[in-house]
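Asks: Sequence and predicted structure below; questions after.
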Amino acid sequence: MTPTDSSTDLRIAHFAGKLAFETDASDVHADQIRGAGVVVVDSRGEHAWVQGRAVGAVHMPTGEIAARAPGEIPREVPVVTYCWGPGCNGATRAALEFARLGYHVREMIGGFEYWAREGYPVENDHGPVVRAIDPLTAPVDTITCEC
C-alpha cells in the first residue's frame, strides 16, 4: 500500500507538530548542559516536589501558573513542563496554562519518572538523590540514545 501525497503530508504535519510541542528528558538535559536558557517547570504538588525533582526545575503547580508565571518567568524564555510520568496528563495541563499566557512551551514526555529512570540529576529537600540508570529506558554507558 502506497500512501497518497495528502496522507504523507498529514503524517509529516502530525510528527513535526509533536516535535514542536513535546520534548524528552534527554533533550531537556542536553539543553540544561549547554545553557540553552530553558525554564523547566515541575507542575506537581508540594508533596511530590519534596519527594524529588529534576535538578534545576522550578516548582510551579498548575493551579498557580496563571498567577505566578508572568512575575517569575519572562515570556521570551522557553518553558518545558513536566509532571509524574506518561500515565499523568498534569504536564499537558500545565503547558496549556503557559500557552494561554503566550509562552513558547513544550511538554516533557515521560515526565519525572523518565527523567529519574534515565539517570538525570534528581534532588530532594535533603540534597542529591543518586539513582541507577534503568537499562529499559536509556543506555547505561553513554549520555544519549543517539535516536
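Replies: Yep, that arrived.
Asks: excluding its backbone neighbours, what's nearest the residue most central in space within the chain?
Replies: The geometric centre of the chain, computed from its C-alpha atoms, lies nearest to residue 108 (C-alpha atoms, centre = their mean), at 2.3 Å. Excluding its sequence neighbours, the residue lying closest to residue 108 (C-beta to C-beta, 6 or more residues apart in numbering) is residue 82, at 4.1 Å. C-beta: built from backbone N, CA, C; applies to glycine.
Asks: what's the one you found sitting at in phi/psi?
Replies: phi -140, psi 160 (degrees, to the nearest 10).
Asks: quick one: low-confidence parts of this protein?
Replies: Applying pLDDT under 70 to the chain picks out residues 1-3, 143-145.
Asks: For it, give the helix that spans the most residues.
Replies: helix 5-21 (DSSP state H).
Asks: Quick check: residue 27 is in a helix.
Replies: Yes - counting by DSSP: H, G, I helix; E, B strand; the rest coil, residue 27 falls inside a helix.
Asks: Show me the beta-bridge partners of the residue nearest to residue 108.
Replies: When bridges are called by DSSP bridges, residue 82 pairs up with residue 42.
Asks: wait, what's in contact with the residue nearest to the centre of the chain?
Replies: Taking C-beta atoms under 8 Å, 6 or more residues apart in numbering, we find residue 108 in contact with 22-25, 28, 40, 80-82, 91, 115.
Asks: ok, now with 6 Å
Replies: Counting by C-beta atoms under 6 Å, 6 or more residues apart in numbering, residue 108 touches 23, 28, 80, 82.
Asks: Quick check, the last one in contact with residue 91.
Replies: Going back to what we said before, that points to residue 82. Yes - using C-beta atoms under 6 Å, residue 82 is in contact with residue 91, at 5.0 Å.
Asks: residues shared between the contacts of these two?
Replies: With C-beta under 6 Å, 6+ apart, residue 82 and residue 91 have common neighbours residue 111.
Asks: how many other residues sit next to the residue nearest to residue 108?
Replies: Neighbours of residue 82 under the rule other C-beta atoms under 10 Å: 30.
Asks: next one: the one 10 residues further on
Replies: Residue 92 is flanked by 16 other residues according to other C-beta under 10 Å.
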